[in-house]
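S.K.: can't give you the sequence, but here's the structure:
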């Protein structure tokens, strides 16, 4: 049941041509993650890990939601192609509004992809059954943030500051996660840090 719900949510996230549909899929994969991490709920540590993942990813999701509200207020649509076209026509390069929206969307990606500073949930997320955890968290869900930024690439082209923020976050996470993975003794946590 978890896998069916997750596949449905991930397909909605990837195939939606509207940011609202993408956001529904985005929250759907977050729900699946929460349910999976807390699967062995008799162990209190697993319940804590599930709550931690839920709360930390909600921080990023809230930033993304505010970004969507701003996009709708400024451009009057959440259709992805209309946004990318409208952004080029409405905002000059380096526009503060465009930069703010791009940074808010980056906040959503940081939460979902477990980038600094919202990376703390992922190592604990492997509390669920290992093969499914690896498939959901490592193979697909963590790449959702990358997908969002790639999909909104034209928005980031208008904002050099937001592009620089993406690079900084990615590089910092790359180095810290890689070196942390080197000193882990639990194979699940090694997988988690390698995924980041």
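M.R.: Perfect, thanks for sending it. What you are looking at is a predicted structure, and each value in this text was computed from that prediction instead of being measured.
S.K.: Only C-alpha atoms from now on, for both contacts and neighbour counts.
M.R.: OK.
S.K.: Residue 149 contacts residue 106, correct?
M.R.: Yes: taking contacts as CA atoms under 8 Å, residue 149 lies within contact range of residue 106: 7.1 Å.
S.K.: The two: which has the busier surroundings?
M.R.: Neighbours of residue 149 and residue 106, each counted by other CA atoms under 10 Å, are more numerous for residue 106; the result is 26 against 19.
S.K.: in the chain, which helix or strand is least confident?
M.R.: Within the chain, no helix or strand scores below helix 130-133, which has a mean of 68 by mean pLDDT, DSSP states H and E.
S.K.: got the contact list for the residue nearest in space to the middle of the chain?
M.R.: Nearest residue to the geometric centre of the chain (CA atoms, centre = their mean): residue 112, 2.3 Å. The contact partners of residue 112, by CA atoms under 8 Å, 6 or more residues apart in numbering, come to 57, 60-61, 141-142, 144-145.
S.K.: Same question for residue 149.
M.R.: Residue 149 makes contacts with 105-106, 109, 156, as judged by CA under 8 Å, 6+ apart.
S.K.: Neighbours of residue 150, how many?
M.R.: A total of 12 residues lie near residue 150 under the criterion other CA under 10 Å.
S.K.: Would you check how far apart it and residue 163 are?
M.R.: Going from residue 150 to residue 163 by CA to CA, to the nearest Å gives 11 Å.
S.K.: now do residue 30
M.R.: Distance from residue 30 to residue 163, counting by CA to CA: 26 Å.
S.K.: Would you mind telling me which of these two has the busier surroundings?
M.R.: residue 30 (22 against 19).
S.K.: Strands of this protein, start to end?
M.R.: With DSSP state E applied, the chain shows no strands anywhere along its length.
S.K.: For it, which helix extends over the most residues?
M.R.: Identified as the longest helix of the chain according to DSSP state H is helix 44-75.
S.K.: any idea of the mean pLDDT for that helix?
M.R.: Averaging pLDDT along helix 44-75 yields 90.
S.K.: i'd like the first residue to be 17 from this point on
M.R.: That works, and once the first residue is 17, the last one we named lands at helix 60-91.
S.K.: and it, how far out from the chain's middle?
M.R.: The chain centre lies 9 Å from the centre of helix 60-91; the measure is CA atoms, centre = their mean, to the nearest Å.
S.K.: what packs against that helix?
M.R.: Packing partners of helix 60-91 (3 or more CA pairs under 8 Å, 6 or more residues apart in numbering; DSSP states H and E): helix 35-53, helix 96-106, helix 112-128, helix 137-141.
S.K.: Which of the contacts of residue 128 sits closest to residue 198?
M.R.: Nearest to residue 198 out of the contacts of residue 128 is residue 158 (CA to CA; 20.1 Å).
S.K.: any idea what sits nearest that closest one, other than its immediate chain neighbours?
M.R.: Closest residue to residue 158 apart from its sequence neighbours, by CA to CA, 6 or more residues apart in numbering: residue 129 at 4.2 Å.
S.K.: That neighbour and residue 58, how far apart?
M.R.: Relative to residue 58, and taking CA to CA, residue 129 is found at 27 Å.
S.K.: Who has more neighbours out of the two?
M.R.: residue 129 (26 against 9).
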